[in-house]
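Trainee: structure for the following, please:
(chains A, B, C and D)
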Protein chains: 2
Amino acid sequence: MSTWIRDAWTDPVKLKRLSEIRRKELRQAAFAVLEREGIAGATLEKVAAQAGASKGIVLHYFRNKQELFEHAMREANAVLCQAVIARLRRAHTPMERMDAVIEGNFEEHLFQPPLCHAWLSLCAEVPRDEKMARIQRVIHARMRSNLLSGLRGLASPADADDIALGVTALIDGLWLRLGLQPGSVSREQAVRQVKNYIAGRLALRELATAGA
Amino acid sequence: MSTWIRDAWTDPVKLKRLSEIRRKELRQAAFAVLEREGIAGATLEKVAAQAGASKGIVLHYFRNKQELFEHAMREANAVLCQAVIARLRRAHTPMERMDAVIEGNFEEHLFQPPLCHAWLSLCAEVPRDEKMARIQRVIHARMRSNLLSGLRGLASPADADDIALGVTALIDGLWLRLGLQPGSVSREQAVRQVKNYIAGRLALRELATAGA
DNA sequence: TCAAGAATTGACCCATGGGACAATAAAAAG
DNA sequence: CTTTTTATTGTCCCATGGGTCAATTCTTGA
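Mentor: Residues are numbered from 1 along each chain as shown, chains lettered A, B, ... in the order given. Coordinates of the predicted model:
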């Protein structure tokens, strides 16, 4: 029997067939419930029902409610992340890398109110859940690093840092807008918005150096 | 005995002395609990305890939990709003108006993680609470209008609209960042970030018209 | 000073939710 | 074909939380 360790929540491969599949189903069910009910209304029974199973099974695979939703957060993040990664692979110039991040963050089928609602509910728990906070930090760090890999070719290190912060904030803000007022911002608008932000900041930079 | 009518939820005039004061205390207590516990952990008993009263009194003043937190949202918003209004009164040029909105949104004593956490929790409920959604729309509309009152003097109507959206999103995003990683963004950074965004967008505009 | 009405409390009810567990079905291993 | 593990269920328990209510204390206006 071979040995492998992938990561904490995708471990044994042989066991994966059943055990890991169930876990994934349950994570996804948890997320779906979150979309509909929010964190306050998300109950183990509802998650079980959503997955077509019994409440007992949920607690068989996850120590408790908290752990379940932490895994749901990882799951959701993984999906979001995948979209960006895929695009990054096709990007070569710095600008292409930026665009990959931007457009990956606003993929048509992801940039939707329900996903945003669930995400919001999870974010709202971050301050009280150290594990979630850690996940959140990782997400942000990766986002930042993806952006910097492009930005470093376009601006000074200090500016790159600053612009990266602005871009992440702007992206989050646009998602929030979508969640709070579905339909108030389209995918195209969002993408354009971020691209304009970057173009504007870079233009400022040019003006400053050229005009000086 | 003087008379006043403030607004819909501060109605009866004589009753205000006691009734309205308690209501305010309870709204604030509700908000304080939200800061600590999030929406999932916010219970009527905790709110009562926070206010130094009994659970019964909470339901004496508010029909139910939902209504209580809707009022808490109004309360919080009113505070935020006041900060901007005060600064707007002292602003006269378009640019000053923009700065008033920006700096008002990042006042030192308001731009703090706990406030942000509570706010996040409320936002997470918006999709399932029509009243909250309405409050949210009002908040956003006012913010937008405040921004446009300055922006109209600085850009074309279409650009003004677009920049206003960007600014609100950026502000929200910076708040979110603060909530998710306390200490990761200072008030000064936030203000600078938004001002740079505006400057950049306006610079783009100039380049486009000048270069054409 | 007294009556009407508000403020406030604590006890109570009931539904729900998280979690433990024993019992059973299904697989896997031998 | 057994034995041992794993999957899965349904039941049970208990704490908690929202909401009602009657009873009591306070205000206040006449």
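Trainee: and the residue of chain A that's closest to DNA strand D?
Mentor: A:Gly56 (2.7 Å; Cβ to the nearest atom of the strand). C-beta here means a position set from N, CA and C on the backbone, and glycine is covered the same way.
Trainee: and the residue nearest the centre of chain A, what pLDDT?
Mentor: Centroid-nearest residue in chain A: A:Asn77, 3.8 Å away (criterion: Cα atoms, centre = their mean). Residue-level confidence at A:Asn77 comes out at 95, pLDDT.
Trainee: A:Arg142 is in contact with that one, correct?
Mentor: No: applying Cβ atoms under 8 Å, one finds A:Asn77 not in contact with A:Arg142, separated by 9.2 Å.
Trainee: before we move on, back to that, check which helix or strand covers the residue of chain A closest to DNA strand D.
Mentor: In this assignment (DSSP states H and E), A:Gly56 forms part of helix A:55-61.
Trainee: show me what that helix is packed up against.
Mentor: Of the remaining helices and strands, those touching helix A:55-61 by 3 or more Cβ pairs under 8 Å, 6 or more residues apart in numbering or on different chains; DSSP states H and E are helix A:19-41, helix A:44-51.
Trainee: can I get it in PDB? Just the C-alpha atoms.
Mentor: Output of helix A:55-61 as PDB, limited to C-alpha atoms (Å, rounded to 0.1, in the frame of the first residue of the first chain):
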ATOM      1  CA  LYS A  55     -27.600  14.600  10.100                       C
ATOM      2  CA  GLY A  56     -25.600  11.800  11.700                       C
ATOM      3  CA  ILE A  57     -23.500  11.400   8.600                       C
ATOM      4  CA  VAL A  58     -22.500  15.000   8.600                       C
ATOM      5  CA  LEU A  59     -21.100  14.600  12.100                       C
ATOM      6  CA  HIS A  60     -19.500  11.400  11.100                       C
ATOM      7  CA  TYR A  61     -17.400  13.200   8.500                       C
END
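Trainee: need the contact partners of the next helix or strand after it.
Mentor: Next helix or strand after helix A:55-61 toward the C-terminus (DSSP H and E): helix A:65-89. For helix A:65-89, the surrounding residues in contact (Cβ atoms under 8 Å, 6 or more residues apart in numbering or on different chains) are A:9, A:23-24, A:26-28, A:30-31, A:34, A:39, A:42, A:44, A:47, A:58, A:62, A:97, A:99-101, A:103-105, A:107, A:110, A:115, A:118-119, A:122, A:125, A:129, A:131-132, A:135, A:139, A:142, A:146.
Trainee: what do you get if the cut-off is 6 Å, keeping everything else the same?
Mentor: Residues outside helix A:65-89 that contact it (Cβ atoms under 6 Å, 6 or more residues apart in numbering or on different chains): A:27, A:30-31, A:62, A:100-101, A:104, A:107, A:122, A:131-132, A:135, A:139.
Trainee: determine the angle, from 0 to 180 degrees, between that helix and helix A:19-41.
Mentor: Going by axes from the mean of the first three to the mean of the last three Cα atoms, to 10 degrees, helix A:65-89 is angled at 110 degrees with respect to helix A:19-41.
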